[in-house]
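> Got a sequence here, can you model it:
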Amino acid sequence: GERVEVDSFKRDPLDFVLWKAAKAGEPAWESPWGNGRPGWHIECSAMSENLFGDTFDIHGGGADLQFPHHENEIAQSVGATGHTCGHDHAQTHHGQSIASHVKYWLHNGFIRVDGEKMSKSLGNFFTIREVLKQYDPEVVRFFILRAHYRSPLNYSDAHLDDAKGALTRLYTTLKNTPAAAFDLSENANGYTRRFYAAMNDDFGTVEAVAVLFELAGEVNKTNDAHLAGCLKALGGIIGLLQRDPIEFLQGGAASDGLSNEEIEDLIARRRQARADKNWVESDRIRDLLNEHKIILEDNAGGTTWRRG
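Okay, the predicted model is just below:
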């Protein structure tokens with residue numbers, strides 16, 4: 001009764017509806033209980049059983065769905081199938097093993113924009129397609145993983161820019177120290193043990209990402225290709241750091257930016273200007289690249305570049 005008035009036909013306010021009686025003008029189907037349609041909760045039980053079967057491992061949803069939606073979904077699914085509702089997959093009833101309906105329920109926090117929950121009604125709503133026009137998909141994934149899934153996620157271009165810079169640092173490490181093959185296991189070393197411990201503690205991606213940065217710092221100090229392989233392998237568990245570092249760092253051009261070919265041409269022209277001691281032209285080209293957020297790195301082996 002907190003959100004809507006309690007229906008008068010309910011015997012108890014905590015009761016929930018499996019089949020809603022038809023109202024004038026609404027879609028309806030025939031049933032032994034009269035014309036009507038499935039209740040909100042029964043839709044999810046029906047879809048889950050149809051797609052996944054009686055039991056499955058993970059059921060997700062927003063924090064606001066835990067009550068009443070998911071509790072009611074559990075009640076009706078368990079009632080229909082005879083499975084249990086606990087996390088233990090080996091509960092027993094009269095000496096027989098009974099599988100859990102769902103082993104793990106994950107309820108995520110909300111995305112917030114300017115301190116308010118993102119919603120269509122507030123007009124601060126956007127789609128992932130819109131975000132991907134501006135940011136690399138891996139940057140968006142990394143941005144999400146830097147917050148615990150049950151915590152609110154504050155969206156802004158500044159936060160995504162920060163995520164891009166942080167992910168760039170990890171890929172730069174792998175560019176400077178190419179990863180050797182690494183036989184990944186939980187007890188391979190101290191980094192893997194801490195990473196696994198974080199992930200096993202309620203999907204603790206915040207702590208797991210912190211381990212990646214500590215490992216990257218060690219790689220930067222030692223240039224240890226074996227540890228670089230560990231960094232890449234651990235990143236792969238959460239869907240990060242699997243691309244060629246140069247491909248990520250140079251990325252694709254925005255619709256109004258320079259293509260990779262245009263950048264390479266400008267760098268070649270700058271190289272020739274420097275050879276000719278034409279410092280004015282060399283500086284002009286570098287300034288032009290800076291305007292397009294192209295960062296040049298001059299070293300003994302030549303000039304490399306990445307997008308800023």
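
> Show me which helix runs longest in the protein.
Using DSSP state H to define each element, the chain has its longest helix at helix 157-176.

> gap between stretch 201-211 and the chain center?
13 Å (CA atoms, centre = their mean, to the nearest Å).

> er, stretch 192-201 I mean
18 Å.

> right, and the helix or strand after the longest helix of the chain?
Moving toward the C-terminus from helix 157-176, the next helix or strand (DSSP states H and E) is helix 190-200.

> In space, what's closest to residue 296 - neighbours in sequence excluded?
residue 305 (5.3 Å; CB to CB, 6 or more residues apart in numbering). Placement of C-beta: from N, CA and C, glycine included.

> Show me what the helix or strand hosting that neighbour pairs with in its sheet, parallel or antiparallel.
Per DSSP H and E, residue 305 falls inside strand 302-307. When sheet partners are counted by DSSP bridges, strand 302-307 sits next to strand 294-299 (antiparallel).

> where does the chain dip in pLDDT?
1-4, 86-98, 252-256 (pLDDT under 70).

> domain assignment for it?
Domain assignment for the chain by automatic domain parsing gives 19-108, 111-249, 254-307.

> distance between the ends of the second one?
Distances were taken as CA to CA, to the nearest Å; on that basis the terminal residues of domain 111-249 are 28 Å apart.

> same question, the first one
Its start and end residues considered, domain 19-108 measures 28 Å (CA to CA).

> any idea how far it is from the chain center?
Distance, centroid of domain 19-108 to centroid of chain: 26 Å (CA atoms, centre = their mean).

> Repeat that for the shortest one.
Centroid separation for domain 254-307 versus its chain: 34 Å, with CA atoms, centre = their mean.

> now do the second one
Distance of domain 111-249 from the chain centroid (CA atoms, centre = their mean) equals 9 Å.

> quick one, helices of the stretch 201-308 of the chain?
205-222, 225-237, 245-250, 260-275, 279-291 (DSSP state H, counting those that start in this stretch).

> helices or strands next to the third one in the packing?
Think helix 245-250. Applying 3 or more CB pairs under 8 Å, 6 or more residues apart in numbering; DSSP states H and E, we find helix 245-250 packed against helix 157-176, strand 302-307.

> Just send the ones you listed back as CSV, with distance to residue 220 and mean neighbour count too.
Formatted as CSV, the helices and strands packed on helix 245-250 follow (distance: least, CB to CB, whole Å; neighbours: other CB atoms under 10 Å):
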stretch, distance to residue 220, mean neighbour count
helix 157-176, 6, 17
strand 302-307, 16, 16
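
> OK, contacts around residue 211?
Counting by CB atoms under 8 Å, 6 or more residues apart in numbering, residue 211 makes contact with 191, 194, 195, 198, 234.

> Just list the residues touching the closest residue to the fourth one other than its chain neighbours, thanks.
Excluding its sequence neighbours, the residue lying closest to residue 198 (CB to CB, 6+ apart) is residue 207, at 3.7 Å. Contact criterion CB under 8 Å, 6+ apart gives 194, 198, 201 as the residues in contact with residue 207.

> ok, residue 207 to residue 152 distance?
18 Å (CB to CB, to the nearest Å).

> before we move on, what about residue 220?
33 Å.

> Over to residue 122?
Where residue 152 is concerned, residue 122 sits at a distance of 15 Å (CB to CB).

> Residue 35 too?
Counting by CB to CB, the gap from residue 35 to residue 152 is 42 Å.

> Put the alpha carbons of whichever strand or helix holds residue 144 into CSV.
Using DSSP H and E, residue 144 sits in helix 137-145. C-alpha atoms of helix 137-145 as CSV (Å, rounded to 0.1, in the frame of the first residue of the first chain):
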residue,chain,number,x,y,z
PRO,A,137,33.0,0.7,-25.3
GLU,A,138,35.9,-0.5,-23.1
VAL,A,139,36.1,2.9,-21.4
VAL,A,140,32.4,2.7,-20.6
ARG,A,141,32.8,-0.9,-19.2
PHE,A,142,35.8,0.3,-17.1
PHE,A,143,33.8,3.3,-15.8
ILE,A,144,31.1,0.9,-14.6
LEU,A,145,33.5,-1.5,-13.0
